Structures are given as C-alpha cells and as structure tokens.
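> sequence first, then the predicted structure, then my questions.
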Amino acid sequence: MAVIIDGRAIAQKIREDAKRRTAALLERGIRPCLAVVLLGEDPASASYVNAKEKALAEAGMDSRDLRLPASTSEADLLALIASLNRDSLVHGILVQLPLPRHIREERVITAIDPAKDVDGFHPVSLGKLVLGQTGFIPCTPNGIAALLRELPITLNGAHAVVLGRSNIVGKPLAILLSRRDINATVTICHTGTKDLASITRQADILIAAAGKPALVSADMIKAGAAVIDVGVNRVEDPSAKKGWRLRGDVDFKAVSEKAAYITPVPGGVGPMTIAMLIRNVAEAAEQAGNLH
Ligand code: NAD
C-alpha cells in the first residue's frame with residue numbers, strides 16, 4: 001500500500017518560510033504585492049484565484065485583485081499589464097489562464113516584465129530554466145520537484161516519465177527533473193506516444209499531467225513507483241453536493257495498492273503550486289528591494 005504524500009503539509013512549511021521572508025521585508029518597508037488579473041467568471045479560475053489571494057494574505061502579502069469582464073480587449077489587457085510593470089508597489093503579475101479566445105495568451109505572457117513573472121511562463125523565464133540560469137520557475141513543476149525532494153527515494157539517475165507536454169507543466173517539469181541538481185533520466189509522453197503503458201511501466205517516478213481522469217491505471221505502473229498526479233478534472237458525481245467532484249489523472253484506489261508513494265487529488269500537487277507562487281512573490285519583492 002502506497003504512502004500518501006501530504007502536499008498540504010509540505011506546502012505549509014514553504015508558506016511559513018515565505019511568511020518569515022515577508023516579515024523581514026515589512027521591516028524594511030516593503031510589502032510583497034501580487035497583482036492577480038482574472039478575465040471572466042469561469043468558476044474554476046475564480047476558485048484558483050481566491051485560493052491564491054487567501055494564501056498571499058496568510059503570508060502577510062498584499063494582492064491587487066483585478067477582475068475584468070471576459071469581453072476585455074487584448075489592447076486593454078496589454079495596457080493594464082504595462083501599467084503594472086511600471087508600478088513599483090507591484091512585485092509580481094499573475095494573469096490567470098486560460099484567457100478568452102479573442103486574446104492571444106502568448107502576447108499577454110510576453111508583455112509581463114520578466115522581473116515580475118512569478119508564474120514563470122515568460123519566454124525569458126523558460127529560457128533561463130533551459131539554460132540552468134536563476135529565474136522564476138513555473139509553480140506546478142517547481143512544486144512537484146519540491147515534493148519529490150521530500151521523499152526518501154533516490155532522484156539521481158531515476159527514470160522519471162512525464163505524461164504531458166504543456167508549456168506550463170510537462171515541458172518545464174521535464175527540464176527541471178533532468179537538471180544536474182535532480183539528475184533524473186526523463187521521458188516525455190504525449191498524445192503521439194505509441195504504447196504508453198510500456199513506457200510508463202518503466203518509470204521509477206511517474207508524473208501524470210494529461211488532464212484525463214483516471215488515465216493511469218494500475219497495470220500502467222511499476223510496483224514501488226512514486227506516482228505524482230497533477231490532473232484536476234471535474235467529473236460528474238450525483239452523490240456529491242455540487243453534482244461533481246475532482247478526480248486526478250490517476251486511478252487512485254487501484255494505483256495506491258501498487259505504488260510506493262502517491263499524491264492525492266485534491267491535497268497533493270495543488271497546494272504545492274500555491275506555495276511556490278508565494279515563494280516566487282517573496283523572491284520578486286526581495287529582488288525589487290535589492291536584497292539579493
Ligand atoms: P494540457 O491539456 O495543456 O496538456 C495535456 C498534455 O497531456 C498534452 O501535452 C497532451 O499531449 C497530453 N495528453 C493528453 N491526453 C493524453 C493521452 N491520452 N496520452 C498521452 N498524453 C496525453 O494540460 P495542462 O495545462 O498541462 O494540465 C494537465 C492537468 O493538470 C489538467 O488536469 C490541469 O487541470 C492540471 N493542472 C493542475 C495544476 C495543479 O496545481 N494541481 C496546475 C496546472 C495544471
């Protein structure tokens with residue numbers, strides 16, 4: 001039976017550290033502040049934004065809550081970002097994705113000052129990650145790496161299989177895990193992968209970020225593997241109060257009987273993502289205050 005990795009507990013330690021850093025900044029008259037931009041009323045996006053703002057407040061940080069109609073034009077959004085880039089009281093800028101279809105995400109992400117890119121999605125941040133330079137690392141991959149470091153397993157030389165190649169999870173995670181400080185051997189799987197199970201079964205560490213509920217079944221994993229479930233999928237459940245519940249990309253019940261370590265959904269990767277965001281905001285504020 002697998003050990004269930006308590007993402008909330010590990011995240012709490014990181015958040016407490018960010019709180020200490022915030023207290024030190026406050027003594028110097030700097031209050032870390034994240035501008036959070038949300039377009040439209042998508043309930044899932046709104047709940048992510050609320051959770052992030054709550055975590056910022058708990059760390060003693062400020063947030064600038066900028067909720068705009070879904071009809072906001074790309075030009076207006078770019079103008080808002082330009083003004084936040086200039087605003088010395090704002091240390092980080094987060095634009096909640098996905099954006100409405102009429103807005104080009106790439107243009108918006110690229111408009112953010114890399115010094116305020118606490119989500120780590122700017123080409124400069126991703127370029128630094130590839131080159132092994134210091135920069136903002138996307139929060140979900142960084143949170144997964146932090147979780148893995150907490151496990152009593154050897155990462156050096158382990159075979160990590162990343163299921164998914166998105167710009168915000170799969171790709172940066174594969175780069176992070178293959179960096180020398182972690183030193184895993186990484187395989188990336190995606191929709192073009194043939195015989196997925198034959199590859200996932202080789203994984204010492206399997207990270208599922210496909211966005212497909214219960215895609216990973218017990219016969220797809222090696223006994224004793226560490227399984228990290230990034231997926232957050234809403235599935236219908238008439239017995240649940242809201243009529244739906246969250247399900248990961250992993251068949252939790254069956255896989256937990258075969259794996260050595262597994263993250264739950266919710267309570268695994270999600271809290272780590274928020275903790276890493278808070279850490280990045282502390283970092284951005286310290287850099288702005290020339291404390292590095
Ligand atoms: P995405 O849709 O952008 O990418 C999914 C990737 O999975 C694609 O690259 C695709 O090639 C691959 N894929 C899909 N189906 C596959 C299949 N059957 N076989 C092999 N590969 C397949 O998604 P994303 O933004 O990377 O997010 C992935 C999941 O992680 C989603 O459920 C999302 O909600 C969740 N997520 C969670 C957090 C968190 O903090 N917990 C953060 C980001 C994303």
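Arrived safely, thanks for sending.
> residues near the closest residue to Gly7 other than its chain neighbours, how many?
Of all residues not flanking Gly7 in the chain, Gly268 sits nearest, at 4.2 Å (Cβ to Cβ, 6 or more residues apart in numbering). Heads up, the C-betas are built off the backbone N, CA and C, glycines and all. Neighbour count of Gly268, defined by other Cβ atoms under 10 Å: 27.
> report pLDDT for Gly268.
In this model, Gly268 is scored at 98, pLDDT.
> try the one 3 residues further on
Taken from the predicted model, the pLDDT recorded for Pro271 is 98.
> and the helix or strand harbouring it with the ligand, contact?
Using DSSP states H and E, the element containing Pro271 is helix 269-288. Yes. Contact of helix 269-288 with the ligand (Cβ under 6 Å from any ligand atom) involves 269-270, 273.
> who touches the one residue sitting closest to the centre of the chain in this structure?
For the chain, the residue nearest the mean C-alpha position is Thr140 (1.9 Å; Cα atoms, centre = their mean). Counting by Cβ atoms under 8 Å, 6 or more residues apart in numbering, Thr140 touches 168-169, 173, 209, 230, 269, 272-273, 276.
> again with Lys171
Counting by Cβ under 8 Å, 6+ apart, Lys171 touches 165, 188.
> how close does Gln287 sit to the ligand?
Going from Gln287 to the ligand by Cβ to the nearest ligand atom, to the nearest Å gives 24 Å.
> I figured that residue hits Lys116, correct?
No. Applying Cβ atoms under 8 Å as the test, Gln287 and Lys116 come out as separate, 9.6 Å apart.
> please name the spatially closest residue to Ala214 (chain neighbours excluded).
Once flanking residues are discounted, Ala214 sits nearest to Asp251: 4.4 Å by Cβ to Cβ, 6+ apart.
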